[in-house]
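**Student:** need the 3D shape of this:
(chains A and B)
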Amino acid sequence: GQQLNQSPQSMFIQEGEDVSMNCTSSSIFNTWLWYKQDPGEGPVLLIALYKAGELTSNGRLTAQFGITRKDSFLNISASIPSDVGIYFCAGPSAGGTSYGKLTFGQGTILTVHP
Amino acid sequence: DVKVTQSSRYLVKRTGEKVFLECVQDMDHENMFWYRQDPGLGLRLIYFSYDVKMKEKGDIPEGYSVSREKKERFSLILESASTNQTSMYLCASSSLYFRQETQYFGPGTRLLVL
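**Tutor:** Take a look at the predicted model:
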């Protein structure tokens, strides 16, 4: 089946630093999604990307839909302690009836030291 | 404000017990999903439902069943709990007709099977 590979698996950074993470796939996706899971909560959608090459921002977060449609990138500028959590990339699952099924990456755990 | 609620935040059960995890959404969504989350594995889809009484297997359905008798409620059942089902369980919902990729998650149930 489809697999999404995220890297890095974890990051430890100082407050104020910029963060970059990415997600790759062996198959093409027509939509890329980035979700964030705060500690003790369920994931929440941060950014959705719908076109190859698209660059979309949400506050200090910027995500890009790779030209090949097999990758996506998420950048966080000037990190703050509340950026702590797990970041997941996701894309619509292929095959059969979709009904909004998503395939998720393994997640990137972000720790921000004050 | 959209809301997905799960019946318990923490649950401890014994091997062989029958376990019910309940999920309720108040957004009149057609699609509902059950995932399990394990470190390093991301979110893996167990079952999903796109309508009342309709269900389809996800990627890891073995050892689980589901029930959807009402549109707002989706239950996950572990017929005979085993220790390898110790995990975080997340419920989500989405609209079938608008932005299916936006899934709304509950806070999760952390299940420990002894």
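**Student:** where does the chain dip in pLDDT?
**Tutor:** Chain wasn't specified; assuming chain A. A:1, A:95-99 (pLDDT under 70).
**Student:** correction: the question concerned chain B.
**Tutor:** B:1.
**Student:** now do the strands in it.
**Tutor:** B:4-6, B:10-13, B:19-25, B:31-38, B:42-51, B:54-57, B:64-70, B:73-78, B:87-94, B:104-105, B:109-113 (DSSP state E).
**Student:** columns mean neighbour count on top of these, output as JSON lines?
**Tutor:** Yep, even glycine has a C-beta here, placed from its N, CA and C like the rest. Listed next are the strands of chain B as JSON lines, based on neighbours: other C-beta atoms under 10 Å in any protein chain shown:
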{"stretch": "strand B:4-6", "mean neighbour count": "18"}
{"stretch": "strand B:10-13", "mean neighbour count": "13"}
{"stretch": "strand B:19-25", "mean neighbour count": "19"}
{"stretch": "strand B:31-38", "mean neighbour count": "23"}
{"stretch": "strand B:42-51", "mean neighbour count": "21"}
{"stretch": "strand B:54-57", "mean neighbour count": "14"}
{"stretch": "strand B:64-70", "mean neighbour count": "16"}
{"stretch": "strand B:73-78", "mean neighbour count": "20"}
{"stretch": "strand B:87-94", "mean neighbour count": "24"}
{"stretch": "strand B:104-105", "mean neighbour count": "21"}
{"stretch": "strand B:109-113", "mean neighbour count": "18"}
